[in-house]
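Undergrad: Build the 3D model from these lines:
(one chain, ligands or ions: 2)
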Amino acid sequence: MDAQALKDSWHLVARSGDQVPLFFYSTLFLMHPETRDMFPVSMAAQRDRLVSALGRIVSNVDRVDEAVPLIQQLGRDHRKFAVVAGHYPAVGHALLATLQHFLGDRWTPALANDWKQAYELIAKVMIDAADAASATSPPWWEGEIIGHERLTLDIAVIRARLNYPYPFRPGQSASFSFALRPRLWRFYSFANAPRRDNTIDLHVRVVDGGTVSTALVHGVQRGDILRVGAPVGDRLTLNPNLPRDLLLIAGGTGLAPLKALVEQVAYEGPTRRVHFFVGARTSRELYDIEALTKLETEYPWLSVVPVVSHDVLYRGERGQVADVALRAWRGQEVFVCGSGEMVGATVTRLVEAGVPNEQIHFDESTTGEGKEP
Ligand SMILES: Cc1cc2nc3c(=O)[nH]c(=O)nc-3n(C[C@H](O)[C@H](O)[C@H](O)COP(=O)(O)OP(=O)(O)OC[C@H]3O[C@@H](n4cnc5c(N)ncnc54)[C@H](O)[C@@H]3O)c2cc1C
Ligand code: HEM
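TA: Ligands and ions are numbered 1, 2, ... in the order given. Here you go, the predicted model:
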């Protein structure tokens, strides 16, 4: 397989922007109408989750070994869309037809064969993982909302009780959907470590014009049912073989998965010291600080420091959260979570200050795009 040819051709196709998913979905739904029901009712504001990921993943087939765990996760998670093995050829056809359309003369039999083989390989990893998962877990879980608290105008903390035990690790996320916004799935991070009563906490912030976040903060109520996909993500999970102290740096609702790590340290025994720096623009946006301060008084190994960047009257730590956190840097493992912008700036600052790359773990928990493997 000529991996470079796959990458180059995908790069060329991707230049046609929105035309690519438009062609892909028209082909898919025309040739395989049975797949239409899996996708959102309105595809007008389609954020192209599937097509760009499909091209990226398949064209990186030469690095498949590194990506296998993520592709398996994706396969398990696809059970939430009611995808079964029989649907994979349909998506493969639509992908190849799309490539052929946009590549014109450059679509040679050799290239077509390479794309077909690469797609089949990735599809097999996903299908095998989904099959294995179906022996032990449902395609999605259901969680009844038992708590819904608006902590600021635009942030809600939601607690739901799941119908079956849910095997996630602190630092992971899952995608959620609910009746008010049918067939729209969005990722949210768990803000807690697994509990015996199967409850989970989510911290949701409204994104301007956001379809799902607005409904979760302002629309849903106690008693509503959330559908929960399989847990995903390993960038923010703790390595049990590396019991180093932790330096946690959060921006906005990026504190959710980091709070879950604090709970994990509490359950597993305080072998680590944890410094938790929570950044916000104004003190009003420090929405969960009361709960974190309570944890700090319970656990002598935990220190919580709120940091505010845009409020000259604030009496506590002021400035960029990365700068303040760096003062507490003593060789710990560092975990960063927040908006894409916050994470980018923080990681750059840490690297400049000499924190080794391999000790920096980060994820953009508040950006819904470009996150998939
Ligand atoms: C792994 C992962 C974990 C996540 N965890 C959380 C979490 O714990 N809490 C949380 O609140 N969110 C989290 N998110 C973001 C969440 O998945 C949604 O993207 C977010 O709630 C917006 O969805 P929406 O349907 O309301 O917006 P959409 O209707 O999809 O988008 C509306 C508009 O806003 C833009 N947009 C989408 N997201 C953002 C953003 N974050 N900032 C600026 N513009 C945006 C879109 O491009 C579009 O123009 C996470 C995302 C990922 C990938
Ligand atoms: C190699 C094969 C495939 C890859 C790499 C792939 C990858 C992805 C990725 C990364 C996403 C976004 C993540 C998410 O929203 O959870 C996605 C979404 C989706 N995929 Fe797949 N997928 C594949 C095959 C399929 C098949 C066979 C179907 C069924 C017809 C399917 C149906 C969907 C649906 C319904 C969505 C949600 C789209 C949306 O919300 O807009 N996928 N896929």
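
Undergrad: for the chain, which spans come out with low pLDDT?
TA: Low-confidence regions of the chain, defined by pLDDT under 70, span residues 44-47, 365-373.

Undergrad: Enumerate the residues of it near ligand 2.
TA: Residues of the chain lying near ligand 2 by Cβ under 6 Å from any ligand atom: 35, 38-40, 46, 49-50, 53-54, 57, 74, 77-78, 81, 83, 87-88, 90-91, 119, 122-123, 126, 175, 185, 372. Glycine gets a C-beta too; all of them are placed from N, C-alpha and C.

Undergrad: Whichever of the residues you listed end up buried, select them in PyMOL.
TA: Buried members of the residues of the chain next to ligand 2, defined by 16 or more other Cβ atoms under 10 Å, are picked up in PyMOL with:
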select buried, resi 35+39+40+49+50+54+57+74+77+78+81+83+87+88+90+91+119+122+123+126+175+185+372
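
Undergrad: Take the residues of the chain next to ligand 2 and keep only those in helices.
TA: Using DSSP state H, 49-50, 53-54, 57, 74, 77, 88, 90-91, 119, 122-123, 126 are the members of those that sit in helices.

Undergrad: Pick out whichever of those residues sits closest to Val347.
TA: Ala53 (23.0 Å; Cβ to Cβ).

Undergrad: Tell me how far the closest one lies from Asn239.
TA: Distance, Ala53 to Asn239, by Cβ to Cβ, to the nearest Å: 27 Å.

Undergrad: do the same with Pro33
TA: For Pro33 relative to Asn239 (Cβ to Cβ), the value is 46 Å.

Undergrad: List the contacts of the residue in the stretch 201-350 of the chain that ligand 2 sits nearest to.
TA: Among the residues of the stretch 201-350 of the chain, Gly229 lies closest to ligand 2, at 6.8 Å counting by Cβ to the nearest ligand atom. Applying Cβ atoms under 8 Å, 6 or more residues apart in numbering, we find Gly229 in contact with 77, 80, 140, 174-176, 185.

Undergrad: Quick check: the two most widely separated of those?
TA: Farthest-apart pair in the contacts of Gly229 is Asp77 and Phe176; separation 11.9 Å (Cβ to Cβ).

Undergrad: The residue in the chain positioned nearest to ligand 2 and ligand 1: what is the separation?
TA: As assessed by Cβ to the nearest ligand atom, ligand 2 sits closest to Ala53 within the chain, at 3.2 Å. Distance, Ala53 to ligand 1, using Cβ to the nearest ligand atom, to the nearest Å: 12 Å.
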